[in-house]
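**Q** Pasting the sequence and the predicted model now:
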Amino acid sequence: MKKNILIVPGDGIGQEVTEVGKKVLIKIAEKFGHEFIYDEALMGHVAIEATGNPLPDETLEKMRASDAILFGAVGHPKYDNDPTAKVRPEQGLLKMRKELGLYANLRPIKLFDELLGASSIKPEILKGSDILFFRELTGDIYFGEKGRKNDGDTAYDIAEYSRYEVERIARKAFEAARTRGKKLCSVDKANVLETSRLWREVVQALAPEYPDITVEHQFVDSAAMMLIKDPRRFDVVVTANLFGDILTDEASQIAGSMGMLASASVGDSTGVYEPIHGSGHDITGMGVANPMASVLSAALLLDISFGLKAESDAIISAIDQVLKAGFRTRDIADSTTAPELILGTDAIGEEILK
Ligand code: GGG
């Protein structure tokens, strides 16, 4: 198979982990006889520094022309501490999602058995957890009108959803539930928010089309609690942009670390595959970032965008073997891990390649 893959490392540890993800794709192409052609583009803080724009037109053009995108992360602390900054790295991320029509963000919460002890949640509660989140990605409070009034003393962000936007993400989640445990949990805040009332109305209206799927509705506050108390009750979860952003960071603790969670953003055109973690400036340059989320994102890319399931499974199995051999990055090490088995980004990448 011949495919064009655009590598967009972005900022901070995004650059370090994407390097490993790319090496794994190169290895897969060699092993399975594919021809993957790579190009690279700037986004985020590095793009602002180079061009003044977090998502330069050249990057967007390259994205549209590629068959799939392996992305790292965006962000930089200098913007977090400057509320007056007009241009921010995250604007590039939001614009990319809108421009490419990436409305569905799939976030599998996959717990490798070897990492049962890495979580602060008790193993007997965690064992067997396997959740697939569908986070809506191009609507909600992230994209509504925002601003200041009363001389800057009052701020607002408007949350908006259309019936069409809710229906298309809900359909994707229903379809996915059919291929898994046939359970769908729709998370909203319908007791308070009008957007959530529409959300629930749309999901309820679709349910009769999927009689094989058991649907439940949960308020986001209750879902946040149940994720930690009883994660095995969840199979497929569908939720709005903001709730999904927060709940999946929480759910990363089921998998042991944010460094283990990959994601796929799909919709109208080229898919984007990235770790759910951000740019990790506190550990940038230290060579300790866990690259497994990037490697697992490469696995999702092969499976979802190219239909290469065996190749994708080979990557997951490689990670499984590395973990079984006892190797860890420091985020997933625990008190029982021998110090010589705690590896940095490149060294654990080499073990995965082997
Ligand atoms: N790789 C994910 C990433 O870069 N996250 C940074 C961020 O700002 N995320 C906000 C969001 O995902 O909506």
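**A** Okay, I see it.
**Q** which residues does the residue of the stretch 51-200 of the chain found nearest the ligand contact?
**A** The minimum distance from the stretch 51-200 of the chain to the ligand, using Cβ to the nearest ligand atom, falls at Ala73 (3.4 Å). To be clear about C-beta, it is placed using only N, CA and C from the backbone, and glycine gets the same treatment. Taking Cβ atoms under 8 Å, 6 or more residues apart in numbering, we find Ala73 in contact with 10-14, 17, 44, 274-275, 277-280.
**Q** Isn't Pro291 up against Leu343?
**A** No. The criterion here is Cβ atoms under 8 Å, and Pro291 misses it with Leu343 at 10.2 Å.
**Q** of those two, who's got more company?
**A** Pro291 (27 against 20; other Cβ atoms under 10 Å).
**Q** Let me know the secondary structure of the spatially closest residue to that one that is not a sequence neighbour.
**A** Distances taken as Cβ to Cβ, 6 or more residues apart in numbering place Val20 nearest to Pro291, at 3.6 Å, with adjacent residues excluded. Following DSSP: H, G, I helix; E, B strand; the rest coil, the label given to Val20 is helix.
**Q** Tell me how many other residues crowd Val20.
**A** For Val20, the neighbour count with other Cβ under 10 Å is 22.
**Q** That one contacts Ser297, correct?
**A** No. Using Cβ under 8 Å, Val20 makes no contact with Ser297, being 10.7 Å away.
**Q** what's the closest non-adjacent residue to the residue of the stretch 51-200 of the chain closest to the ligand?
**A** Nearest non-adjacent residue to Ala73 (Cβ to Cβ, 6+ apart): Gly14, at 3.6 Å.
**Q** Show me which residues of the helix or strand hosting that neighbour are buried.
**A** In this assignment (DSSP states H and E), Gly14 forms part of helix 13-32. Going by neighbour count (16 or more other Cβ atoms under 10 Å), the buried part of helix 13-32 is 13-25, 27-29.
**Q** between those residues, which is closest to Met1?
**A** Ala29 (8.8 Å; Cβ to Cβ).
**Q** wait, isn't that closest one in contact with Tyr38?
**A** No. Counting by Cβ under 8 Å, Ala29 does not reach Tyr38; the two are 9.9 Å apart.
**Q** got the residues of the stretch 51-200 of the chain near the ligand?
**A** Ala73, Val74, Gly75, Glu90, Leu93 (Cβ under 6 Å from any ligand atom).
**Q** Let me have those residues in a markdown table, adding secondary structure as columns.
**A** Shown next, in a markdown table, are these (three-state DSSP):
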| residue | secondary structure |
| --- | --- |
| Ala73 | strand |
| Val74 | coil |
| Gly75 | coil |
| Glu90 | helix |
| Leu93 | helix |
